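J.: Quick check, what structure comes out for this input:
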Amino acid sequence: MNTSSDGGCGCFPDEVVMEILSKLPIKSLFQAKSVCKRWNELTLGNYFIHLVKLSLSNINNPPMLLAEVSDCYSTQQQQQHQQQHHSLILSCVDDHHSRGGGVTHLSLDFLQDRVKIMASCNGLLCCSSIRDMGVFYVCNPLTRTFTMLPRIIFNPNNNDNTNPFVVVPDTEIILVGLAHNLLTDRFYVVVVAFHKLLGHLRDGPLMCWIFDSHDSSTNVWKNIPTFVDQEESFTHMSGTRVVYVSGALHCLSSKAPRVHALDLERQRWTKISLPQEIRYGRGNRFYLLELDGCLSLIQISNTLMKTWVMNDYVMEEWKIVEEVSLKCIRGMIAGIFPISQNTDYVFFATHKHVFVYHRKSKEWKEMYSVQNNSTLPLWFSAFPFRSTLFSFR
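T.: Residues are numbered from 1 along each chain as shown. Purely as a prediction, here's the structure:
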């Protein structure tokens, strides 16, 4: 066994230190890296990264809520910071007891660009450039590393499925999905868009492109067949809440409530029916989330919140796992949106607040509140988030 006498940090063999460090939450791990030079070196090795991947399962790595905000600085500091860096400020809200809970502020200043978060999956974010249309980044805000994807060039008259597409002003992107496999570090980015003339409705069919980080032979976007029904539509919530489970990306249509699933290996879209017991109509809202590695559907009505889980993915069998009365938050029901969940709690976002509902105690708790009016509604800019050590270096 290897040992070290660096600054008193070599009391244990390196193998033991790595085992201990690999069990720490990511936020605590970054603090531990600064204890001594040797610990920092150990956390950079491939063996340690492999240990962390094994420990960061969905169960051992509970979800958090990540929101675009601009109130972690004072107004004067905020303006000065944005003028100098043009960066996006994020608030990461955590309620897990092993990580101490609380709010951590992160910045995307390392991108050196003004961006908007389009998707989130297993610790990675997909961001689009505001200043340069067609430019996308995939980044890890914890390790502060990123990769810039090949420029998207969308041309509605280009039928070549292997070439990038030219983004023109009349292009409207309606859905962006990100899939990140924690064990293999492979990620996919999927973009669905259509062409429309200025001031007119959709002109032409939906078009879908996919980028595979492991497809080193082409390193370009690939055009794939999209939905059978070309009249599908998505709200902001369904278009930015694309769920990655069972090797597929899932999104919820707003026209006729159903799930569209993209098998990433076969690169083929299929449709999944919703539970037969759900109620449609006015006052009922539906949200697609992930629940401990399974596809989950949350229905919010005027008085109840029901949660389903897809018990059998192959047979498309749904099972209701929870029914919660919303009487205690009656005045907030219309403006509350579920963002992320596990078996212990659910994160919700409103216009200015983040709440957590504890499933065992059936208690609601406010976790975060915006202090000024300069931020977009939190439900509009909030995403599920998990920790990862993935680095693009």
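
J.: hey, C-alpha coordinates of the helix or strand containing Ile20 in CSV?
T.: In the assignment (DSSP states H and E), Ile20 maps to helix 14-22. Extracted in CSV, the C-alpha atoms of helix 14-22 (Å, rounded to 0.1, in the frame of the first residue of the first chain):
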residue,chain,number,x,y,z
ASP,A,14,-3.7,6.1,0.0
GLU,A,15,-6.3,3.4,-0.8
VAL,A,16,-8.1,4.0,2.4
VAL,A,17,-8.1,7.8,2.0
MET,A,18,-9.5,7.4,-1.5
GLU,A,19,-12.3,5.1,-0.3
ILE,A,20,-13.2,7.7,2.4
LEU,A,21,-13.1,10.7,0.1
SER,A,22,-15.1,8.9,-2.6
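
J.: Please identify the buried residues of that helix?
T.: By neighbour count with 16 or more other C-beta atoms under 10 Å, helix 14-22 contains the buried residues Asp14, Val17, Met18, Leu21, Ser22. Placement of C-beta: from N, CA and C, glycine included.

J.: Give the full set of residues in contact with the fourth one.
T.: Residues in contact with Leu21, defined by C-beta atoms under 8 Å, 6 or more residues apart in numbering, are Leu29, Ala32, Trp39, Leu42, Thr43, Phe48.

J.: Just give the nearest non-adjacent residue to the residue minimising distance to the centre of the chain, would you?
T.: Centroid-nearest residue in the chain: Ser120, 2.0 Å away (criterion: C-alpha atoms, centre = their mean). Leaving out its chain neighbours, the residue that sits closest to Ser120 by C-beta to C-beta, 6 or more residues apart in numbering is Phe383, at 3.8 Å.

J.: what lines up beside the host helix or strand of that neighbour in the sheet?
T.: Per DSSP H and E, Phe383 falls inside strand 382-385. Looking at strand 382-385 with DSSP bridges, its partner strands are strand 64-69 (antiparallel).

J.: Check what contacts the strand it pairs with and list those residues.
T.: 88-96, 106, 116-117, 120, 125, 141, 339-340, 347, 349, 354, 367-368, 370, 375-376, 378, 381-387.

J.: Just the CA atoms of it, as CSV, please.
T.: Taking C-alpha atoms only, strand 64-69 is exported to CSV below (Å, rounded to 0.1, in the frame of the first residue of the first chain):
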residue,chain,number,x,y,z
MET,A,64,-31.1,19.3,-5.9
LEU,A,65,-32.7,22.4,-7.6
LEU,A,66,-30.6,24.7,-9.7
ALA,A,67,-32.1,28.1,-10.6
GLU,A,68,-30.9,31.0,-12.7
VAL,A,69,-30.8,34.0,-10.4
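
J.: for that strand, what is the average pLDDT?
T.: Across strand 64-69, pLDDT averages out at 85.

J.: ditto for stretch 129-139
T.: Rounded mean pLDDT across stretch 129-139 is 89.

J.: and the end-to-end length of it?
T.: One end of stretch 129-139 sits 13 Å from the other (C-alpha to C-alpha, to the nearest Å).

J.: Please identify the buried residues of it?
T.: Neighbour-count burial for stretch 129-139 flags Ser129, Gly134, Val135, Phe136, Tyr137, Val138, Cys139 (criterion: 16+ other C-beta under 10 Å).

J.: can you tell me which residues contact the last one?
T.: Taking C-beta under 8 Å, 6+ apart as the criterion, Cys139 is in contact with Leu108, Phe110, Leu111, Leu124, Leu125, Cys127, Thr145, Phe146, Thr147, Phe392.

J.: Then the fourth one?
T.: For Phe136, the set of contacting residues under the criterion of C-beta under 8 Å, 6+ apart consists of Met118, Cys126, Cys127, Ser128, Ser129, Met148, Leu149, Ile152, Val189, Val191.

J.: From the residues you listed, which shows the smallest pLDDT?
T.: Minimum pLDDT across the contacts of Phe136 is recorded for Ile152, with 76.

J.: Distance of the nearest residue to that one once chain neighbours are set aside relative to Ile298?
T.: Nearest residue to Ile152 in three dimensions, chain neighbours excluded: Gly134, at 4.1 Å (C-beta to C-beta, 6+ apart). The spacing between Gly134 and Ile298, counted by C-beta to C-beta, to the nearest Å, is 34 Å.

J.: Look up which helix or strand Ile210 falls in, please.
T.: According to DSSP H and E, Ile210 maps onto strand 207-212.

J.: List the neighbouring strands of the next helix or strand after that strand plus their orientation.
T.: Next helix or strand after strand 207-212 toward the C-terminus (DSSP H and E): strand 222-224. Taking DSSP bridges as the criterion, strand 222-224 forms sheet pairs with strand 207-212 (antiparallel).

J.: Distance from the chain centre to the partner strand, please.
T.: 18 Å (C-alpha atoms, centre = their mean, to the nearest Å).

J.: contacts for it?
T.: Against strand 207-212 from outside (C-beta under 8 Å, 6+ apart): 149-150, 152, 154, 156, 165, 186, 188-195, 220-226, 262, 264, 267, 269.

J.: sorry, back to before: is it true that the residue nearest to Ser120 touches Ile117?
T.: Yes: the criterion here is C-beta atoms under 8 Å, and Phe383 meets it with Ile117 at 6.2 Å.
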